[in-house]
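Enquirer: Structure for this input, please:
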Amino acid sequence: MYNFLVPLADEFQLFNLARYHTFRAGAACLTALLICLVFGAPIIRWLRSFQRGGQPIRDDGPERHLIEKKGTPTMGGVMILLALVVSTLLWADLTSGMVWAVLLLTVGYGALGFADDWLKVTKRNSKGVSGRMKLAVQAALGLVVAVWITWLMPGPLSTTLALPVFKEVLVPFGLLFPLVGMLVMMGSSNAVNLTDGLDGLAIVPVMIAAAVFALIAYLVGNRVFADYLQLHYVPGTGELAVLASALIGAALGFLWFNAPPAAVFMGDTGSLALGGALGALAVATKHEIVLAIVGGLFVVETVSVVIQVFWYKRTGRRVFLMAPLHHHFEKKGWAEATIVIRFWIIAMILALVGLSTLKIR
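Expert: This next block holds a predicted model:
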């Protein structure tokens, strides 16, 4: 570990614990949680100060949202990003290129989401940044980070796609692999964004996925564990366990304020950043396909939108009462808490399925 804590570690033997990934991961999680709990209320008051009407509510959304969620401020992702970045800088090895690559994508996507949210709350509409502009910025940032991660990768891993069950198989993409990484990051970012529609709905599955990738990063960054589990060893990814743990702590702290009824929404500031972070972690640890399993809830929500739009344009009829899928169940009369908790359960089941691929030999 190479940051300002090293002199303390040399001076006091107790701080030698800070040289271990596990200790620093736990410390990063607790630090991020503490930052959210301490600064969460002041941040929400600041957001309210310039969001007189809170987040603009879609006119074509569920009718009860116009009443129940009116006036709730958005852009709570600022809280998450603050906690994540500060705790990562405090506890991660700052000589790690992997850490900086994932942080760049996370903060970059968060800045894009902030711009989108800012336009929504200042212009008082639910449009924000145009879809084309948003995709263009996401693609540019994703490509830069994917190239960076590819450059940091050793040997054949740098341009190949690893499969979770057939562990000896590497699908070669050559110079096109950064495009694959870019699509993973963009897809993950937008999938979380689509899922973020009910109080607490997106943040807990993000937390679950982050926990899975904290473990994966620790395992693939350790040659002994990687060899035992027949995983591809990726030097330097152990530090990403610290970042992923900081993400868990920040998500927990945000959930304190986002639990129903939410005092704040994460907005695109949070959803784009968190989804991008998960995508970058998956690319860096060579577990892109596992992300599709662990984040299967996000995939289903996205697919529901694609199916709805495609079928409506072709036939003029809808497959779902409303998309994304959680709105379909709202229209069917399910209580918001019922939808959220059942979706959390599905996310946990999918996480266990994803984890099971780590031991299949």
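Enquirer: Enumerate every residue touching the residue most central in space within the chain.
Expert: The geometric centre of the chain, computed from its C-alpha atoms, lies nearest to L274 (Cα atoms, centre = their mean), at 2.7 Å. The contact partners of L274, by Cβ atoms under 8 Å, 6 or more residues apart in numbering, come to G77, I80, T106, V192, A202, I203, V206, L247, A251, M266. Any C-beta I mention is one placed from the backbone N, CA and C, and that applies to glycine too.
Enquirer: mind putting those in JSON lines, secondary structure, distance to L281 and pLDDT included?
Expert: As requested, these are exported to JSON lines (DSSP: H, G, I helix; E, B strand; the rest coil; distance: Cβ to Cβ, whole Å; pLDDT from 0 to 100):
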{"residue": "G77", "secondary structure": "helix", "distance to L281": "17", "pLDDT": "95"}
{"residue": "I80", "secondary structure": "helix", "distance to L281": "15", "pLDDT": "97"}
{"residue": "T106", "secondary structure": "helix", "distance to L281": "10", "pLDDT": "97"}
{"residue": "V192", "secondary structure": "helix", "distance to L281": "13", "pLDDT": "97"}
{"residue": "A202", "secondary structure": "coil", "distance to L281": "16", "pLDDT": "94"}
{"residue": "I203", "secondary structure": "helix", "distance to L281": "16", "pLDDT": "95"}
{"residue": "V206", "secondary structure": "helix", "distance to L281": "11", "pLDDT": "97"}
{"residue": "L247", "secondary structure": "helix", "distance to L281": "9", "pLDDT": "98"}
{"residue": "A251", "secondary structure": "helix", "distance to L281": "14", "pLDDT": "97"}
{"residue": "M266", "secondary structure": "coil", "distance to L281": "18", "pLDDT": "94"}
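Enquirer: rewinding a little: in terms of helices and strands, where is the residue nearest to the centre of the chain?
Expert: Under DSSP states H and E, the secondary-structure element containing L274 is helix 267-284.
Enquirer: CA atoms only for that helix, dumped as PDB, please.
Expert: Listed in PDB are the C-alpha atoms of helix 267-284, where the atom choice follows Å, rounded to 0.1, in the frame of the first residue of the first chain:
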ATOM      1  CA  GLY A 267     -30.600  10.100  -9.800                       C
ATOM      2  CA  ASP A 268     -28.500   9.500 -12.900                       C
ATOM      3  CA  THR A 269     -25.500  10.800 -10.900                       C
ATOM      4  CA  GLY A 270     -25.600   7.600  -8.800                       C
ATOM      5  CA  SER A 271     -27.100   5.100 -11.200                       C
ATOM      6  CA  LEU A 272     -24.800   5.700 -14.200                       C
ATOM      7  CA  ALA A 273     -21.800   5.800 -11.900                       C
ATOM      8  CA  LEU A 274     -22.600   2.700 -10.000                       C
ATOM      9  CA  GLY A 275     -23.500   0.700 -13.100                       C
ATOM     10  CA  GLY A 276     -20.300   1.800 -14.700                       C
ATOM     11  CA  ALA A 277     -18.300   0.900 -11.700                       C
ATOM     12  CA  LEU A 278     -19.700  -2.700 -11.800                       C
ATOM     13  CA  GLY A 279     -18.900  -2.900 -15.500                       C
ATOM     14  CA  ALA A 280     -15.400  -1.700 -15.000                       C
ATOM     15  CA  LEU A 281     -14.800  -4.200 -12.100                       C
ATOM     16  CA  ALA A 282     -16.100  -7.000 -14.300                       C
ATOM     17  CA  VAL A 283     -13.700  -6.100 -17.200                       C
ATOM     18  CA  ALA A 284     -10.700  -5.600 -14.900                       C
END
